[in-house]
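Q: with the input below, show me the fold.
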Amino acid sequence: MSGHSKWATIKHKKGAQDKARGKLFAKLIRQLEVAAREGGGDVEANPTLRTMFQKARDSSVPMDTIDRAIKRGTGELEGVRYEPMSFEGYAPAGVAVIIEALSDNRNRTSADVRSLFTRNGGSLAEPGSVSWQFERKGVVILPKKVDEDELMLVAMEAGAEDLQDQGDTWQLTAGPADLARLRGALEAAGIPFDSADLTMLPTTSVPLTEEGDARRVLRLIDALEEHDDVQNVYANFDIPDTVLESVEA
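A: As a prediction, the model looks like this:
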């Protein structure tokens, strides 16, 4: 598991996501609106909307909230128009970072993201200078109690590319187009999973063996993720468990 994924898992276990429940809902609602505006409000006919719909339901967003978000996206209800934006940059220690945002004010969001990088020892980079170090994949995280042989049989038949032991969990990887099929196969087989998302996985990683470097990188990542317009942050750091335990403490 990449260091960023490991850090996100730790924050989730510590309950940080509960504290940020309202912020998470707001991000998911924006994603629903944009997906509906760009591809229509039919969940079955719009793959992006279907993914966002499922993600919202997994996060316990109420159905009426989801319905209103979709209607704002299609224009049936009045709402703010959000535009997708992306940024690339470097955190301390040369860690590559990709940010995906949805904004109703591009100038404000650009200035805020640049300021967050500068204040936390990082720097923005030109488009394309970082993204080549990542590839988009579907990732499913499952509890370790799931039987490995059964999981392998179901997953590989449903298009999974790889299964990795992440210590406390299993991680399944698939191509972006195969994520929905993989998820459906797991549900049909009664195999529980913690999450199923499209993400950007690093093809190379930067090891952070010094606690100071790890803290500086995580400070920037957390600051970016706290911004209302930022939807996703991907980074290619890898922190050894011993260092991560020190940071967590």
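Q: poorly predicted segments of this structure, please.
A: Scanning the chain for pLDDT under 70 picks out the ranges 1-20.
Q: again, only this time at 80
A: Along the chain, segments meeting pLDDT under 80 span 1-22, 248-249.
Q: which residues of it fall in strands?
A: 83-91, 95-103, 123-125, 134-143, 160-165, 169-174, 195-202, 206-207, 230-235, 237-238 (DSSP state E).
Q: who's in contact with residue 80?
A: By CB atoms under 8 Å, 6 or more residues apart in numbering, the residues touching residue 80 are residue 104. Where C-beta positions appear, they are placed from N, C-alpha and C, glycine not excepted.
Q: for it, grab phi and psi.
A: Here is the backbone geometry of residue 80 (degrees, to the nearest 10): phi -80, psi 140.
Q: hang on, the earlier thing: closest one to residue 181 among the strands of the chain?
A: Evaluated with CB to CB, those place strand 169-174 nearest to residue 181, the distance being 8.1 Å.
Q: tally of neighbours for residue 156?
A: Other residues lying near residue 156 total 15 when counted by other CB atoms under 10 Å.
Q: skipping adjacent residues, who's closest to residue 79 in space?
A: In space, and not counting its chain neighbours, residue 79 is closest to residue 72: 3.3 Å by CB to CB, 6 or more residues apart in numbering.
Q: name the helices or strands packed onto the helix ranked longest in the chain?
A: For the chain, the longest helix by residue count, based on DSSP state H, is helix 21-39. For helix 21-39, the packing partners by 3 or more CB pairs under 8 Å, 6 or more residues apart in numbering; DSSP states H and E come out as helix 47-58, helix 63-74, strand 95-103, strand 230-235.
Q: mind putting those into TSV with mean neighbour count and distance to residue 120?
A: Formatted as TSV, those follow (neighbours: other CB atoms under 10 Å; distance: least, CB to CB, whole Å):
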stretch	mean neighbour count	distance to residue 120
helix 47-58	19	28
helix 63-74	18	31
strand 95-103	23	11
strand 230-235	22	12
